[in-house]
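Colleague: fold the following for me, if possible:
(4 chains)
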Protein chains: 2
Amino acid sequence: MSKGSADKRPTIVDVARHAGVSTAAASKVLRDAYGVSPEMKAKVQASMKSLGYRPLASARGMRGRTHTVAVVVADLHNEFSSLLVEGIRRECERQKYRLLAAPAGSGKDAQDRMVEDLVDRGMDGIILISPLGTDEELETVAKNVPMVVLGRHGSSPDLDSVAADDFTGAGLVVDHLVGLGHRRIAYVNHTTDGKNDARLPEEVRVRGYVDAMIRHGLGDGIDIVQSQWSQEGGEEAGKLILSRPDRPTAVFAGCDVAAFGVLTALWGAGIRVPDELSVAGFDNIFTSSLAPISMTTVDQSGLDMGVAAGRLLLERVGGRTDAVNTVLRPTLVPRETTAAPAATGKVLNLARDDA
Amino acid sequence: MSKGSADKRPTIVDVARHAGVSTAAASKVLRDAYGVSPEMKAKVQASMKSLGYRPLASARGMRGRTHTVAVVVADLHNEFSSLLVEGIRRECERQKYRLLAAPAGSGKDAQDRMVEDLVDRGMDGIILISPLGTDEELETVAKNVPMVVLGRHGSSPDLDSVAADDFTGAGLVVDHLVGLGHRRIAYVNHTTDGKNDARLPEEVRVRGYVDAMIRHGLGDGIDIVQSQWSQEGGEEAGKLILSRPDRPTAVFAGCDVAAFGVLTALWGAGIRVPDELSVAGFDNIFTSSLAPISMTTVDQSGLDMGVAAGRLLLERVGGRTDAVNTVLRPTLVPRETTAAPAATGKVLNLARDDA
DNA sequence: TTTTTTTTGTAGTACGTTATACACTTTCTA
DNA sequence: TAGAAAGTGTATAACGTACTACAAAAAAAA
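Modeller: Here you go, the predicted structure:
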């Protein structure tokens, strides 16, 4: 109708015929493989352009590469995840690869199924964001397809990893709060039903918190609230903390979204932040920076992490076999939800200002 | 090594041999096609399970369907986009289809390339979120692959669409503000360099604003600020509005993220919201609901829109050929960034209000 | 020269699946 | 009870690309 595009998609055979060469030769040009003369290359490329040829990934996938990689992400709502995806995307684009984001939904089963489905769909490589499950399970998959895990610590011979130094990052927050004068600092942890190992960021962060508390001689004040790292989970944790007789002076949530939940609980109860209670998060998602929230948090530069993960994955697709584990340094972003604890109740502001 | 997974992936031929039937029969069972007896079906399915067979999408794609659809999204950071994606995902999951999100990056060229690449990768259908470009361009693609556009109005015979009634939605905000007593209401519009047609949501919304203003007899007060629907664009618009001598009493930004930008500008200038200036957005993204922001906005129920788009797409994949255009009713979500204009507060308000 | 190596190009098959065409049964219809 | 229709299973040709062999030609070494 319109032009001819509806007619029939040109194949590599059409290209070969048009250029007057064999399909094998055309394929070589397409793949930039060994054994083509400059003239032939020019001739074939001209034919490709003239016919508007585009290789069909499905067909390529049956014998070679699809030039496509995927990142499995549990929840696209998470702003931090989308930052990571953007970083990966940029690196892939630079290397002429396509990135597809695979929203798996929550739960280990859903994620496992997604990974299988991606392998079925011929992905050349897969990046996982904070995957659940054991190292063995991950390794089994990684033996069959190039794989990089993001946000999960540790290493396997067949698996690259990129993570922030969550241990240090959690320590930064505790240092900051202690520096402000806090001694009773509660931590909102992420707990799952499954048997999660020590490599998950939530596990590393809670260890960082515990370690820092002990380092400051506050081992007695260690106060871990088990919850979920979601808005709802944070809200529950906040309510729980408020309901206790021995209320801490600061709450450190291991994830910004959960910290928002804590804040929501505090606002709902009429508690003033940071006058009556300091709150800090972790991730530095965009919303944290908005003026009326302006939350103290830890930045892990998701964009850089994404780029690093993309690069590692494409290296592996290209043939690298030894494992690389990258750890990026997080930085503290002090804002306005943390301040010195109120010293004397109502007159609290006096105590704070000269701190 | 570990189990046999590294050995060789079982194919449909292996399944057929194991079950003692032909590959054609096994394929029929796999596709749930006509012409298989219950016993054969059970037998083949048992073999599939026993061998751990998984069909290879690349191979399927060469003759039939890949059971995969994609949604092209310019920017995953946009919370509203991820809501749409989640809706689509749920519907796809329900129908045993896989959804992949394709982050195209900004710009029309990037989006066009992504669509082509997705077709190359054998997607059974494609959903576009607020696509740029003309109707003709979209139709050309839609002739070759089932396609649904999300957030763009209008219709083509080969194209389904799902959109909120942006015209009514914009009117709801104006009604609300006028009901509060506002008469000078500025609108922050989204303008692009390209030749965009009237079907884009931004075009429809601005028309809705204009129409509602006229309807309320406020045609003289129509005040459209050209900007970009981003945090930065909103901030610039906010500063611009503040710099003007004849300041409006309310600002309506056509998108929540832009409204955040406006708010940021106001906060930065020490303007109190809504005491000195009311602000409203459009989209009702999650952040708008957070207590310290609590922004008046319009909800388009992105989840429902996503589900609807997913359903339409899969119907088309299934063979429907007549176009369906769905319009969902948006609702006003009044919150705390809008209030009656200050009547007697500051001295300056006197002069302004009776204007 | 002749032999060996390198370069350049081609034939032809494999990849895993779908789907068309057909043969053989069984069940309905008249 | 013949004939038609419906049900059940198989053989086999695509689908578009990659790649292993191998042949032919050109270049280098002897």
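Colleague: CA only for contacts and neighbour counts going forward, please
Modeller: Noted.
Colleague: in chain A, which residue sits closest to chain B?
Modeller: Chain B sits closest to residue A:58 of chain A, with a gap of 4.3 Å, by Cα to the nearest Cα.
Colleague: which elements pack onto the host helix or strand of that residue?
Modeller: Per DSSP states H and E, residue A:58 falls inside helix A:57-63. Counting contacts by 3 or more Cα pairs under 8 Å, 6 or more residues apart in numbering or on different chains; DSSP states H and E, helix A:57-63 is packed against helix B:57-63.
Colleague: distance from the helix it packs on to the middle of the chain?
Modeller: For helix B:57-63, the separation from the chain centroid amounts to 29 Å (computed by Cα atoms, centre = their mean, to the nearest Å).
Colleague: give me the buried positions along that helix.
Modeller: B:57, B:58, B:59, B:60, B:61 (16 or more other Cα atoms under 10 Å in any protein chain shown).
Colleague: cool, stretch A:88-98 as well?
Modeller: So stretch A:88-98, judged by 16+ other Cα under 10 Å, has buried residues A:88, A:89, A:90, A:91, A:92, A:97, A:98.
Colleague: what about that stretch, average pLDDT?
Modeller: The average pLDDT for stretch A:88-98 rounds to 94.
Colleague: if we can go back for a sec, name the residues that touch the helix holding residue A:58?
Modeller: Residues outside helix A:57-63 that contact it (Cα atoms under 8 Å, 6 or more residues apart in numbering or on different chains): A:66, A:67, A:122, B:57, B:58, B:59, B:61, B:62, B:120, B:121, B:122.
Colleague: can you give the strand pairings for whichever helix or strand comes after that helix, parallel or anti for each?
Modeller: Per DSSP H and E, helix A:57-63 leads on to strand A:68-73 as the next helix or strand towards the C-terminus. Sheet pairing for strand A:68-73, assigned by DSSP bridges, gives strand A:98-103 (parallel), strand A:125-129 (parallel).
Colleague: who touches the last one?
Modeller: Applying Cα under 8 Å, 6+ apart, the contact partners of strand A:125-129 are A:68-74, A:81, A:115, A:118, A:145-152, A:309-310, A:313-314, A:317.
Colleague: how about the longest one?
Modeller: Around strand A:98-103, the neighbours that count as contacts under Cα under 8 Å, 6+ apart are A:67-76, A:85, A:88-89, A:92-93, A:114, B:86, B:89, B:99-103.
Colleague: just the buried residues out of the residues you listed, in ChimeraX syntax.
Modeller: The following ChimeraX command selects only the buried members of those, with burial defined by 16+ other Cα under 10 Å:
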select /A:67,68,69,70,71,72,73,74,75,76,85,88,89,92,114 /B:86,89,99,100,101,102,103
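Colleague: how about the strands in chain A?
Modeller: A:68-73, A:98-103, A:125-129, A:147-150, A:160-164, A:185-190, A:223-227, A:250-253, A:278-280, A:297-299, A:325-328, A:331-333 (DSSP state E).
Colleague: okay if I get the ones you listed as TSV plus distance to residue A:20?
Modeller: Listed next are the strands of chain A as TSV, based on distance: least, Cα to Cα, whole Å:
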stretch	distance to residue A:20
strand A:68-73	30
strand A:98-103	31
strand A:125-129	36
strand A:147-150	41
strand A:160-164	45
strand A:185-190	63
strand A:223-227	67
strand A:250-253	66
strand A:278-280	68
strand A:297-299	58
strand A:325-328	49
strand A:331-333	60
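Colleague: indicate which one of those is closest to residue B:137.
Modeller: Relative to residue B:137, the nearest member of those by Cα to Cα is strand A:98-103, separated by 22.5 Å.
Colleague: hey, C-alpha coordinates of the closest one in PDB?
Modeller: C-alpha atoms of strand A:98-103 as PDB (Å, rounded to 0.1, in the frame of the first residue of the first chain):
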ATOM      1  CA  ARG A  98      19.600  -3.300  23.000                       C
ATOM      2  CA  LEU A  99      18.400  -3.300  26.600                       C
ATOM      3  CA  LEU A 100      15.000  -4.500  27.600                       C
ATOM      4  CA  ALA A 101      13.700  -4.200  31.100                       C
ATOM      5  CA  ALA A 102      11.800  -7.200  32.400                       C
ATOM      6  CA  PRO A 103       9.300  -6.400  35.200                       C
END
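Colleague: any idea how far it is from the chain center?
Modeller: Using Cα atoms, centre = their mean, the offset of strand A:98-103 from its chain centre is 13 Å.
Colleague: do it and DNA strand D come into contact?
Modeller: No: if you take Cα under 7 Å from any atom of the strand as the test, strand A:98-103 misses DNA strand D, and the best it gets is 14.9 Å.
Colleague: contacting residues for residue A:116?
Modeller: So residue A:116 contacts nothing (Cα under 8 Å, 6+ apart).
Colleague: show the pLDDT at it.
Modeller: 93.
Colleague: surely residue A:227 touches residue A:234?
Modeller: Yes: taking contacts as Cα atoms under 8 Å, residue A:227 lies within contact range of residue A:234: 7.0 Å.
Colleague: what residues are shared contacts of these two?
Modeller: residue A:188.
Colleague: one step back: now the buried residues of stretch A:88-98 in TSV, with distance to residue B:43?
Modeller: Output for the buried residues of stretch A:88-98, formatted as TSV (distance: Cα to Cα, whole Å):
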residue	distance to residue B:43
A:88	44
A:89	44
A:90	48
A:91	47
A:92	44
A:97	41
A:98	40
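Colleague: any idea which of those residues is closest to residue B:201?
Modeller: The closest of the buried residues of stretch A:88-98, once distances to residue B:201 are taken by Cα to Cα, is residue A:89, at 26.9 Å.
Colleague: residues in contact with the closest one?
Modeller: Residue A:89 makes contact with A:98, A:99, A:306, A:307, A:310, B:103 under the criterion Cα under 8 Å, 6+ apart.
Colleague: which parts of chain A sit against DNA strand C?
Modeller: A:20-25, A:35-40, A:59, A:62-63.
Colleague: the residues you listed in helices, which ones?
Modeller: Judged by DSSP state H, the subset of those located in helices is A:23, A:24, A:25, A:38, A:39, A:40, A:59, A:62, A:63.
Colleague: could you dump the residues you listed to CSV with pLDDT and distance to residue B:259?
Modeller: Formatted as CSV, those follow (pLDDT from 0 to 100; distance: Cα to Cα, whole Å):
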residue, pLDDT, distance to residue B:259
A:23, 95, 56
A:24, 94, 57
A:25, 95, 57
A:38, 94, 56
A:39, 93, 58
A:40, 94, 57
A:59, 94, 47
A:62, 90, 49
A:63, 86, 51
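Colleague: pull the most distant pair out of those residues.
Modeller: A:39 and A:62 (29.2 Å).
Colleague: near chain B at all, stretch A:327-344?
Modeller: No: residues of stretch A:327-344 contacting chain B under Cα under 8 Å from any Cα of the partner chain: none, with a closest distance of 12.3 Å.
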